[in-house]
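Trainee: sequence and predicted structure, then a few things I'm wondering about:
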Amino acid sequence: MGTLLKLNQVSIDFNTRQGPLRAVHHINLEIGTGEIVCLVGESGSGKTITSLSIMRLTDYEGAVISSGELMFDGHNLASLSQKEMQELRGKRIGMIFQNPMNALDPLFTIESQLVDSILTHRRVTKPEARKLALELLQKVGITEPEMRLKQYPFELSGGMLQRVMIAIALSCDPELLIADEPTTALDVTIQMQILQLIRELKDTLGMSVLLITHDFGVAIEMADRIAVMYAGAIVEQGPARKLITAPEHPYTQGLIRSVQSYHSHSEGLYTIPGSIPPLQELPTGCRFHPRCAFASERCRQEEPVLALTREQHQVACWNTAEAGQAFAEYATHKETAAPINNLAALPAEDDLLVDIQQVTKTFPLRGSLFRRSKKAVHAVDNVSLRIYRRETLGLVGESGCGKTTLGRLLVQLEKPTAGTITFDGQDVSSLSDREWKELRRRMQVVFQDPAGSMNERWRISEVIAEPLHVHIDLNEQDRMARVKETMKLVGLNPDWHTKYPHELSGGQLQRVCIARAIILKPSFILLDEAVSALDISIQSQIVNLLKDLQRELGLTYLFITHGLDVVRYISDRIGVMYLGKLMELAPAEELFTRPAHHYTRALLDANPSMDPDHHAQSSISDIELPSPIHLPTGCRFHTRCPAATERCRTEQPELREIRDRHWAACHHPL
Amino acid sequence: MSVKSIATPVQPLRIKRRAERRFRSVKSRHVLLALSVSVLLFILFSAVAPGWMASHSPTEMSESILASPSAGHLLGTDQYGRDIYSLLVYGSRQSLLIGVGSVLIGGLLGSVLGLTAGYRGGWLDSLIMRFVDMMMTIPGILFAILISATLGPSLKNMILAVGLSTFPGYARMMRSQVLSIKSAPFIDAASTIGASHFMILRRHIVPNCLPPLIVMATIGTGTAVLISTGLSFLGLGVIREIPDWGYLLSLGRSYISVAWWISLFPGIFISFLVISINLLGDELRNLLEPRSRR
Amino acid sequence: MFEYLLKRLSVSLLVVLGSMTIVFIIVNVLPGDIAQMLLGDTISTEKANELSSNLGLDRPLAVQYWDYITDVLQGNLGSSYVNQSSVQHTLLINLPSTIELTLTSSLIAVIVGILMGIAAAVYRDSWIDSVIRIISLFGVCTPTFWIGLLLIFVFSVHLHWFPAIGSGGLSHLVLPSVGLGLSGAGMLARLVRNSMLEVLHKPFVRTLRAKGIRESTIIFKHMLRNAVIPAVTMAGMIIGEMLAGSVVTETVFSRQGIGKIIVDAINAKDIPMIQGAVLLTSVFYILINLLADISYMYIDPRIRKMLRPSTQ
């Protein structure tokens, strides 16, 4: 296997007003012919800018390759002119990006964007290019390709657009495909299809792939080799399987342990303390040492370089021996850990807190002046759900399934079209303004985007104290005392109360939001994708915090997310939604080990796992999610279900208890 | 393993230079800002204490008629022998009064309407915005002409005319601002906390709407000066002993071939005032809305 | 599509009706006795009342309004207070000259404005950008009548290239169009520059580069088309401003046209004439904006699709 691309001591600087800012520091990376290499890292690790530097697209992002060479097939890409690079781009190196929804020019048809790409690099006539475009769409598995060619990007779904992006990237049979988080913006079932497609195409075309991802699961799923980046440097790289089973860098170990601890039943997730340092404030010596359990004096002083520790495996760490041993101990211990009997540990179902009965929410579409539109988006359709005191009810589903709307209905950010919602015995729709305000004290919300959910012009103390202002008449001193006490409770330094939101990191901001939610000592908190936007090392810290708070304050959670691992860990029971319907409801472990609904099964199958021997797969057909405006008849899932029968097409299944506390809406449960 | 870092001279020179230029343009921005602040201060002083700033009495008619700029008459004299510089100094008060006064009227009326429309929504929103749309269909200067022509010439009417002709812009801006803030998650957060509408408006929406409003009002002052000088130029201005800038310009028009200075300097005063206001507005935008693009 | 046109047209008609109402309100409801103003303060009240009844100003407002609306809809804009001539007739005679000026100055504004905007965005932070930004700042901040005077001073008084005043052939059109067009060009240049810079950071531009498309193709084919969308509405408004600005410019250059009529009418306190001229101008303004809206559809497929009756 020859080497196709070799990054040799590459450094990349951002030009800022304060001078150059080092984003990537002396990295070495090799990609062999026909190999898939995954670059894994959290936000700010420099993985994306590295991928852009290979195409020299960094030049357009205000960044500069300040040293090192990028050897591609005998050329040093760092020293080519933009004109010479243009010849390579799209022809020998193809690239696809994170969000396919805005990666294509909205004003041109799919065909014109494909044909442009072909005509730029190949000597073919326009009709030939059109024919090639059609073939390409077929090759990437797009249904009805003739029609799609004539459509505009906004008419296609995210999954389809990513296929189009792949088709464009492959239009000239490149030797290297760079995929920058290609599935992060997509639903998990679609993600699996796209990943499978990339792997298949790689095999048939014999190209190499550089896959950038933050998700270890995706990396394990795809990679021949994995490189882990932290704060602008590669800390460890090597063959995928060995890297996962026997990581040697404490950061890699920490990440893998946090991800794996979601599947254990231990009290508390494994976490890496601290947070990712911003590029301006990188520590001296090893950039990971402030968060590292093995840090020694040497780590503080001297920066470790990548060194070969075993075959093809490089680590940048001074203490690999101790770290390796510690991980080995953990690994053996892990295998002996016994799973908890989950059913017995469930909270008793006698203390009802929230009762959602047959709730429906439709959003009418605006019609034209002359015709009233009868069409509507059926966001939530006849859903009944009970939440018991002190439990965590998880709600999962892909985008458009109605989980967020259901949550918003519950806290009355939206009014239901039909049905009743009872909170602690009170029908919330019948409350007077004053009663409702009283009730607000007992139900709080934490949203996905912590920065967006606070007024950026306010100090942290003002943000946290807002509920006090609304509900309790306190003097300034008492209020400050409450704020500081709450800040301590959520693990924030109370001295930070004078800071502004932009001075804190994402994880810290989410702690602020949690502080604001608990300061009135509520009984119920809606967590709407509350940890989804956070990096894995931060996410586990927040999940642990939520668990601790629940225990200490006797909280009840409705935890809405698309992340299957998190929901499994944090929830007592889990509901699965699909196109506005509740498809299945079961205790967490029961749901994950014995799913009854085919949709749940498909979700679980598509979820990339940390187990290198177990491959995620797509067990449903490649058909896209139907639109919530034109819903399928019968069972909503029948268009994609592998077990669909005639009955499923015509008769809508009711939610029924098929096992102890296990409900499913399926005619043919598993 | 350790490869010496070969500092291959990559070709990002162009970009490096661009960064330097950006740095330089930061410096030149400060120079521009200082200049515009001095222009504004000069005009402000002229408006407050014209007696101090002027070299002659504005009504004094000297022997030298239509004299070109000289040491005696810095910017020359007009057809009555009045000192142009002094006339301009004495005219500043009116320009500033109209600029600020009409922005107060237009800005206040517009933002109250926009705020109400955006936050209330529903039929009230439709009603207000249709009204604003209709006002928008009559171009500003014509609207002002129509109002001044019917109300008759006076300072008060001029302010009213310019103010009324500019309020739709404020209403639209405020409404879209309110709508975008209203959809932000922190408003959802505030309402789940139980904050009342009044509280949300007072503590979240209004403070977040103010910065763009301040910027728009600043730049709007310049626009108002332009419209009002245009009205004076057409003969719709306030008729006083001392001509205002626009009227002076229209007088100068007849003498353009023999005394260019009568038309040139009022124009320079107007342009410099408006440009300074604009630059100040841009600077305020950078200061108050750091995230908006330059 | 057809349905949309119909809808837009009916909305425009409503808006025209609305602006007629506003004009009526300003003229008739705002305080200010027209008869008194016409005759001056020295005239007795009886005289004024007599004139009022002659002009029909003493009838109930609702009646006046109804008559006014029905008259206007029949194409009758009333007659001048000054010489009893028909307002619409006077306006129609002078309209072509104003349209001519508006068209040429708009053409200058759009072409120069867009080109300057592109150049400033492409060479951002360079001297080209600085020069263009200064020019457009001047264009926006300088009174058009003053620019007109400067042009006259330089190009007619000194260089004798173009005639200073009057209407006539092309040579008479040059200075007024340039003077008027410059302010519009300044506004457009700023807008195009901003929206080009915004488009520059859109992810699809990165995709195009990754495809190996030539930079000039990216700029002129893709970025410009995306950047022009917000500029189209603005262009509609700017052309409207040109129309309104022609009032002042015509005065500067002593050109025949609606503007001159308005100024004469102002001096003669000829309210029906002013009213008619303002109304005519705003109808044109509405028309221009309608055209801008329609041209949207040709640029943006998303809007086209929204309008197409759903086929799926």
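Mentor: The structure has been received and is ready for your questions.
Trainee: what sits against residue 210?
Mentor: As the question left the chain open, I've gone with chain A. Contacts for residue A:210 (C-beta atoms under 8 Å, 6 or more residues apart in numbering or on different chains) come out as A:5, A:31, A:37, A:39, A:51, A:54, A:176, A:177, A:178, A:179. For the C-beta atoms, the positions are set from N, CA and C on the backbone; glycine is no exception.
Trainee: if you could check chain C rather than the one you did, that'd help
Mentor: The contact partners of residue C:210, by C-beta under 8 Å, 6+ apart, come to A:55, A:57, A:89, A:90, A:94, A:95, A:97, A:169.
Trainee: which of the contacts of residue A:210 has the largest number of neighbours?
Mentor: residue A:39 (29 neighbours; other C-beta atoms under 10 Å in any protein chain shown).
Trainee: show me what contacts that residue?
Mentor: By C-beta under 8 Å, 6+ apart, the residues touching residue A:39 are A:29, A:47, A:50, A:51, A:210, A:211, A:212, A:213, A:227, A:229.
Trainee: format those residues as a markdown table; extra columns: distance to residue A:497.
Mentor: Listed next are these as a markdown table, based on distance: C-beta to C-beta, whole Å:
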| residue | distance to residue A:497 |
| --- | --- |
| A:29 | 43 |
| A:47 | 35 |
| A:50 | 38 |
| A:51 | 40 |
| A:210 | 44 |
| A:211 | 42 |
| A:212 | 38 |
| A:213 | 37 |
| A:227 | 40 |
| A:229 | 34 |
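Trainee: what comes up buried for stretch B:150-166?
Mentor: For stretch B:150-166, a neighbour-count test (16 or more other C-beta atoms under 10 Å in any protein chain shown) marks B:150-151, B:153, B:155, B:157-166 as buried.
Trainee: meant to ask about stretch A:278-292
Mentor: Result for stretch A:278-292 [16+ other C-beta under 10 Å]: buried residues A:279, A:283, A:285, A:286, A:287, A:288, A:289, A:290, A:291, A:292.
Trainee: cool, and stretch A:193-213?
Mentor: By 16+ other C-beta under 10 Å, the buried positions in stretch A:193-213 come out as A:193-198, A:201-202, A:207-213.
Trainee: just those residues: which are in helices?
Mentor: A:193, A:194, A:195, A:196, A:197, A:198, A:201, A:202 (DSSP state H).
Trainee: ok, so of the contacts of residue A:210, who is nearest chain B?
Mentor: residue A:54 (13.3 Å; C-beta to the nearest C-beta).
Trainee: and the buried residues of stretch B:150-166 near chain C, which?
Mentor: Among the buried residues of stretch B:150-166, the ones lying near chain C by C-beta under 8 Å from any C-beta of the partner chain are B:150, B:151.
Trainee: can you tell me which of the buried residues of stretch B:150-166 are in helices?
Mentor: Short answer: those in helices (DSSP H) are B:150-151, B:155, B:157-166.
Trainee: for the stretch 51-200 of chain B, just list every one of the helices.
Mentor: For the stretch 51-200 of chain B, applying DSSP state H, counting those that start in this stretch gives helices covering B:84-120, B:122-136, B:140-151, B:155-182, B:185-193, B:197-199.
Trainee: next secondary structure after the helix or strand of chain A with the lowest mean pLDDT?
Mentor: For chain A, counting by mean pLDDT, DSSP states H and E, helix A:342-345 ranks last in confidence among helices and strands (a mean of 56). Next in sequence after helix A:342-345, counting helices and strands by DSSP states H and E, comes strand A:352-364.
Trainee: dump the helix or strand that that next one is followed by to PDB, restricted to CA.
Mentor: Next helix or strand after strand A:352-364 toward the C-terminus (DSSP H and E): strand A:376-388. The C-alpha trace of strand A:376-388 is given here as PDB (Å, rounded to 0.1, in the frame of the first residue of the first chain):
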ATOM      1  CA  ALA A 376     -51.200  21.300   8.100                       C
ATOM      2  CA  VAL A 377     -48.100  19.900   9.800                       C
ATOM      3  CA  HIS A 378     -49.100  17.200  12.200                       C
ATOM      4  CA  ALA A 379     -46.400  17.700  14.800                       C
ATOM      5  CA  VAL A 380     -47.900  15.700  17.600                       C
ATOM      6  CA  ASP A 381     -50.800  13.300  16.900                       C
ATOM      7  CA  ASN A 382     -52.900  11.900  19.700                       C
ATOM      8  CA  VAL A 383     -50.100  11.200  22.200                       C
ATOM      9  CA  SER A 384     -50.700  10.000  25.800                       C
ATOM     10  CA  LEU A 385     -47.900   9.900  28.300                       C
ATOM     11  CA  ARG A 386     -47.500   9.800  32.000                       C
ATOM     12  CA  ILE A 387     -44.500  11.000  34.000                       C
ATOM     13  CA  TYR A 388     -44.100   9.900  37.600                       C
END
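Trainee: for the residue in the stretch 101-250 of chain C that chain A sits nearest to, what is the enclosing helix or strand?
Mentor: Closest residue of the stretch 101-250 of chain C to chain A, C-beta to the nearest C-beta: residue C:212 (3.4 Å). Using DSSP H and E, residue C:212 sits within no helix or strand.
Trainee: so what's it up against?
Mentor: A:86, A:87, A:88, A:89, A:90, A:91, A:117, A:120, A:121.
Trainee: so it versus chain B, what's the distance?
Mentor: The spacing between residue C:212 and chain B, counted by C-beta to the nearest C-beta, to the nearest Å, is 18 Å.
Trainee: for that residue, grab phi and psi.
Mentor: phi 90, psi 20 (degrees, to the nearest 10).
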